[in-house]
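# sharing a sequence plus its predicted fold:
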Amino acid sequence: MLITGAASGIGLALTRHFAAAGHRVIACDLQREPLDALQKEIPQLRVLAFDLSEARQIEDAFGTLGDDLPDVLINNAGLQHVAPLEQFPPEKWQLLIAVMLTGAALLTRAALPSMRRNNYGRIVNIGSIHALIASPYKSAYVAAKHGLVGFSKTIALETHDADITINTVCPGYVKTPLVETQIAALARTHRMTEQQVVEEIMLKPMPKGQFITAEELIGSVEFLLSPAARNITGQCLVLDGGWTAQ
């Protein structure tokens, strides 16, 4: 099992859970230092530091695995930048797309040959409610997450002849370091307090009015890896407290 963005937030929760459950986990992130700290906490982890925005680094990382190739890929790595499009730095826009869409596609491309040889593979993308709806000032993030859903549907069709599935988990807001940073950025952009951002922007659209928990995401991923989900592919599993039911 290979997990990207494994050193913090959702990826860290997934890494800890699946390692504790006995899975052979390859934890991946951009920086080596947090991965080394994580490996001290969980000695059985294999760790890889590479930049998802660089195709060559993805190829090189997979090359170091030898025969130890993953049959489960969790595309989780993400980042955010909040700004009106006219003020959005082009290099930042390109970086978000490169990490969350192109990087996920290139990792999937690298993992598929081994999955096909073994006639087994499970690919789970950690998407977002913003894979389904839009919010202002998040054009790159929304574009990347929408693209991830379309990509997954395409790969589901391309892998119909093997026991390989690809799905996208789409949660509402999860209280992670990424979201904490986003709260502060939205407060500046909208000239609101951070509490107002939480209440009026993040949770107000959700009828249930609460953050999604890491435990809910872990359970959703576990289900998609289970035999009960072997014919679920190209789908979105939405955890949004009723947001998209309106």
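Yep, that arrived.

# from residue 85, how far out is residue 125?
Distance of residue 125 to residue 85, computed by C-beta to C-beta, to the nearest Å: 25 Å. Every residue, glycine included, has its C-beta placed from N, CA and C.

# swap in residue 106?
In terms of C-beta to C-beta, residue 106 sits 26 Å off from residue 85.

# could you do residue 78 as well?
Residue 78 is 19 Å from residue 85, where distance means C-beta to C-beta.

# so those two - more neighbours on which side?
Per other C-beta atoms under 10 Å, whichever of residue 78 and residue 85 has more neighbours is residue 78, with 24 against 10.

# and the lengthiest strand in the chain, how far from the chain's centre?
Under DSSP state E, the strand in the chain containing the largest number of residues is strand 164-171. With C-alpha atoms, centre = their mean, to the nearest Å as the basis, strand 164-171 stands 10 Å off its chain's centre.

# which residues sit in contact with the most centrally placed residue in the chain?
Most central in the chain under C-alpha atoms, centre = their mean is residue 76, positioned 2.3 Å from the mean C-alpha point. Applying C-beta atoms under 8 Å, 6 or more residues apart in numbering to residue 76 gives the contacts 3-6, 10-11, 14, 125-126.

# kindly recompute the last result at 10 Å.
3-6, 9-15, 28-29, 100, 104, 124-127, 169, 217, 221 (C-beta atoms under 10 Å, 6 or more residues apart in numbering).

# please apply the same query to residue 135.
Residues near residue 135 by C-beta under 10 Å, 6+ apart: 82, 129, 141-142, 186, 201-202, 205.

# for this structure, what spans make up the strands?
Assigned by DSSP E, the chain shows strands spanning 2-4, 26-29, 46-49, 72-75, 121-126, 164-171, 236-239.

# packing partners of the fourth one?
Going back to what we said before, that points to strand 72-75. strand 2-4, helix 9-20, strand 26-29, helix 103-118, strand 121-126, helix 139-158, strand 164-171, helix 214-225 (3 or more C-beta pairs under 10 Å, 6 or more residues apart in numbering; DSSP states H and E).

# indicate which one of the strands of the chain is closest to residue 197.
Taking C-beta to C-beta, strand 164-171 is the member of those nearest to residue 197, at 17.9 Å.
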